[in-house]
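Engineer: Sequence and predicted structure below; questions after.
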Amino acid sequence: MDGRRVLVTGGAGFIGSNLANHLAERNDVIVVDNCYLGTPDNLDPAVDFREESVLSDDLPTDVDCVFHLAALSSYAMHENHPTRGARVNVEGFVNVVEHALTDGCDTVVYASTSSIYGSRTEPSPEDLPVAVNTGYEASKLARERYGEYFSNHHGMAMAGLRFFSVYQGYGGAEEHKGTYANVIAQFADDIANGCQPELYGDGTQTRDFTHVDDIVRGIELAADNRLDGIYNLGTGEAYSFNTVVDAINEELGTDVEPAYVDNPIPAEVYVHDTCADSSKIQAETAWEPEVTFEEGIRRVCRQYQ
């Protein structure tokens, strides 16, 4: 993407700021964020930051492309405040897209989630039947259905991306998320500071850990190719939490044992395993993950060495 005017909602947050800063190298980038989970400190000076809610009646959607990443992004946030979760994640999404449509923007790339696949150790393709067990998952599936509506009824290019366990580490914008950060970032910080990382259950749960740099490339390619529909973004490889702890200890030269604790999330809704089948976006854009698990661990640990 080059020489365009774009809007990134949630652009002061973890993934959003990485995307905004990358795009600002060659584009005019506006960020809208209410600073609930993000901070303008994450943004480069070249980014035009606006402290604003996605529920606002006055949004800067007179752009070539909207990247909609704003969301309440955890199980707890939705279960504690289900109405607020629906307003931000569903009504906020519809509000932004309606503003874009009115302003003549017909290209939207938005964040969905891989959680709606449930627990699977095999790679999950986009046509796999999905279900919702939490308010967070319901809100993201609602986005996909509204995305389908805007595509079918208004002819917009609506690319919904199901992210798989995105991480960067506290050396980047992820630090601001604190306890909502990816477990790789949290475990690395704990181990580097001599604290036992807390693993739910026995630590055998697995995730398709995808570095934010690969996610940003996938988001940009989705816009460049005006993708329409639902696409996975993940590596196709999964690693257990125990393996993450071992890899961090090896990289840091430490020997910190994890502490195994009870899982506060009910077993019937907890996603134990995830793994992406990203062949669809690979076929349509030639996107491939470039940051291996080993390289990702090295990057996360670098700040502590």
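Structural biologist: Here it is on my side, so go on.

Engineer: Now the nearest residue to Ser165 once chain neighbours are set aside. Its backbone dihedrals?
Structural biologist: Using Cβ to Cβ, 6 or more residues apart in numbering and skipping the chain neighbours, the partner closest in space to Ser165 is Arg207 (4.0 Å). All C-beta spots, glycine's among them, are computed from the backbone N, C-alpha and C. Main-chain torsions, Arg207, degrees, to the nearest 10: phi -140, psi 150.

Engineer: after the lowest-mean-pLDDT helix or strand in the chain comes which helix or strand?
Structural biologist: Using mean pLDDT, DSSP states H and E, helix 75-80 stands out as the lowest-scoring helix or strand of the chain, at a mean of 81. Following helix 75-80 in sequence order, the next helix or strand is helix 82-86 (DSSP states H and E).

Engineer: Flag every buried residue along that following helix.
Structural biologist: 85-86 (16 or more other Cβ atoms under 10 Å).

Engineer: Just list what that helix packs against, helices and strands only.
Structural biologist: With contacts taken as 3 or more Cβ pairs under 8 Å, 6 or more residues apart in numbering; DSSP states H and E, helix 82-86 sits against helix 75-80, helix 135-154.

Engineer: okay if I get those helices as CSV plus distance to Ala86?
Structural biologist: Shown next, in CSV, are the helices and strands packed on helix 82-86 (distance: least, Cβ to Cβ, whole Å):
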stretch, distance to Ala86
helix 75-80, 8
helix 135-154, 6
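
Engineer: Compare those helices and give me the one nearest Ala267.
Structural biologist: Among these, the nearest to Ala267 by Cβ to Cβ is helix 75-80 (13.1 Å).

Engineer: re earlier: with distance to Asn89 and mean neighbour count added, can I get the helices and strands packed on helix 82-86 in JSON lines?
Structural biologist: Formatted as JSON lines, those follow (distance: least, Cβ to Cβ, whole Å; neighbours: other Cβ atoms under 10 Å):
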{"stretch": "helix 75-80", "distance to Asn89": "8", "mean neighbour count": "17"}
{"stretch": "helix 135-154", "distance to Asn89": "4", "mean neighbour count": "19"}
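
Engineer: Strands of the stretch 51-200 of the chain, start to end?
Structural biologist: Secondary structure of the stretch 51-200 of the chain by DSSP state E, counting those that start in this stretch: the strands cover 65-68, 107-113, 157-163, 166-167, 198-200.

Engineer: Report the inter-axis angle for the third one versus strand 107-113.
Structural biologist: Orientation note: strand 157-163 sits at an angle of 30 degrees relative to strand 107-113 (axes from the mean of the first three to the mean of the last three Cα atoms, to 10 degrees).
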